[in-house]
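Colleague: model this:
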Amino acid sequence: MGEVKRAARRVSELRNVAAVVVGAGQGRRMGGEDKTFLPLLGKPLLSYAVDALEACPQISEITLVVGESLADRCRRLVKRAGWRKVSDIRAGGTVRAASVRAGLAAVKGAEWVLVHDAARPLLTPTLVATGLAAATGAVAAVAAVPVRDTLKRMRPDQTVEHTVDRSQLWAAQTPQVFRREALVAAFRRAGAAADDCTDEGALLESQGIAVRLFPGDPANIKVTVPADIQVATALLRYRRETQEGHDAALE
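Modeller: Predicted coordinates for the structure are as follows:
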């Protein structure tokens, strides 16, 4: 309990955390459609993550990284939504590393940086706070959930080579939280090799830097294929109805 209280105190003292929301992508598994502005319950996909970050007192600035063709549309959304913490909009690259680099370039003074996928609309301020608490005692912290499915390693002929022990396997999510200087230095050391890393935690891990895992949220799904839109919509609707019911009970 003492450690929990100390972590909560450390998080409460953080007031200079920059967030980079990565929305640039080629959308291959969406049939080439950019996911950033996909409508979910009347709002663009991007809006949900930004709304959650705007509600976090520890987040002082937010940089949005989107496809170059969407920059003007994104500026209009920022104005319409009234987001006060969005400080910059940058054009992303063709790979994740290029997009995160672009976002980092917009961050100057923050000690910590939080990276989140725009395609994960179920982000909550509570999950952000959990990540910050985990990171303050380390260099990097990554949201993750235990792997639930049985995993099979397959041979080239599509037969099973063996069943993988999942007892120590976790599926990484975002948000991922880093000391800004450590993440910038990791990108610099990696050079073009950073393009092969599927997330920023993997980048630091590849350089021998300890990366802490903290409990993610099974509902914090990434919208990757068309079916995910229906799942995310159902989860968001359930969350909204649950919150409305809770609010009504308090009245």
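
Colleague: would you list every one of the helices in this protein?
Modeller: Here the chain has its helices, by DSSP state H, at 2-13, 45-54, 71-81, 96-105, 125-135, 180-190, 200-205, 226-250.

Colleague: Any chance of a markdown table for those, columns mean pLDDT?
Modeller: Output for the helices of the chain, formatted as a markdown table (pLDDT from 0 to 100):
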| stretch | mean pLDDT |
| --- | --- |
| helix 2-13 | 59 |
| helix 45-54 | 98 |
| helix 71-81 | 96 |
| helix 96-105 | 97 |
| helix 125-135 | 95 |
| helix 180-190 | 97 |
| helix 200-205 | 98 |
| helix 226-250 | 82 |
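
Colleague: Figure out which of these is closest to Gly216.
Modeller: For these, the distance to Gly216 is smallest for helix 125-135, at 7.1 Å, taking C-beta to C-beta. Where C-beta positions appear, they are placed from N, C-alpha and C, glycine not excepted.

Colleague: Check the offset of that closest one from the chain's centre.
Modeller: Distance of helix 125-135 from the chain centroid (C-alpha atoms, centre = their mean, to the nearest Å) equals 12 Å.

Colleague: Buried residues, it. List them.
Modeller: Buried positions in helix 125-135, judged by neighbour count with 16 or more other C-beta atoms under 10 Å: 125, 127-135.

Colleague: mind putting these in a markdown table, distance to Arg101 included?
Modeller: Shown next, in a markdown table, are the buried residues of helix 125-135 (distance: C-beta to C-beta, whole Å):
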| residue | distance to Arg101 |
| --- | --- |
| Pro125 | 27 |
| Leu127 | 24 |
| Val128 | 22 |
| Ala129 | 27 |
| Thr130 | 26 |
| Gly131 | 21 |
| Leu132 | 22 |
| Ala133 | 27 |
| Ala134 | 24 |
| Ala135 | 20 |
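
Colleague: what about the longest strand in this structure?
Modeller: Ranked by number of residues, the top strand in the chain under DSSP state E is strand 170-179.
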